[in-house]
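I'd like to go over a predicted model; first the sequence, then the structure.
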Amino acid sequence: MDFVSIRVITGDVARLVAFYEMATGVQTTWFTEDFAELRTPIATLAVAGTRTVPLLAPGSSRAADNHSVILEFLVDDVDAAYKRLAGSVPASDFVNEPTTMPWGNRSLLFRDPDGNLVNFFTPVTAAAKEKFAR
């Protein structure tokens, strides 16, 4: 089995896609006005509109209501990413500045326009670098 994607349900697909393209620098592939994918070499972030929910399971998902999942992106330099994002992400949406975590990653937590938590991180210890070696 392979884990391949996370799908975020939103009330404004274009706004969320534009945010993730800006934040990651990755171009999104649009399939319909209600569904787009941001593909990376490891996994895909799918962004789907609320009109897609009834196609899967009516009432099973609500936009902008996530309080338990963090979308995580491995970046080359989290401090540089923070400086780049500081001009585009409202200060109130940053949960923390780059901080080195006990497990060896330097992490930056912020919220996307729907309030979902996003973690950009860079491994900084030898063990963390080995774990995420490409």
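Structure's in. What do you need?

Can you list the buried residues in the helix or strand bottoming out on mean pLDDT in the chain?
Least confident element among the helices and strands of the chain, by mean pLDDT, DSSP states H and E: helix 53-56 (a mean of 94). Counting neighbours by 16 or more other Cβ atoms under 10 Å, one finds that the buried residues in helix 53-56 are residue 53. No exception for glycine: its C-beta is placed from N, CA and C like everyone else's.

ok, now stretch 68-83?
71-73, 75, 78, 81-82.

Check stretch 117-134 too.
For stretch 117-134, using 16+ other Cβ under 10 Å, the buried residues are 117-123, 128.

From the residues you listed, which land in helices?
When the buried residues of stretch 117-134 are checked against helices (DSSP state H), the matches are residue 128.

for stretch 34-50, how far is the first residue from the last?
8 Å (Cα to Cα, to the nearest Å).

quick one: average pLDDT of it?
Mean pLDDT, stretch 34-50: 97.

Also stretch 89-97?
97.

Flag the shaky bits of the protein, pLDDT-wise.
Within the chain, the set of residues satisfying pLDDT under 70 is empty.

Closest to the centroid, which residue in it?
Geometric centre of the chain, nearest residue: residue 71, 4.2 Å, by Cα atoms, centre = their mean.

Distance check, residue 2 against residue 26.
Going from residue 2 to residue 26 by Cβ to Cβ, to the nearest Å gives 20 Å.

Can you list the neighbours in contact with the following helix or strand past the least confident helix or strand of the chain?
Remark: after helix 53-56, the chain's next helix or strand is strand 70-74, criterion DSSP states H and E. Residues outside strand 70-74 that contact it (Cβ atoms under 8 Å, 6 or more residues apart in numbering) are 6, 8, 24, 40, 42, 45, 109, 112, 116-123, 132.
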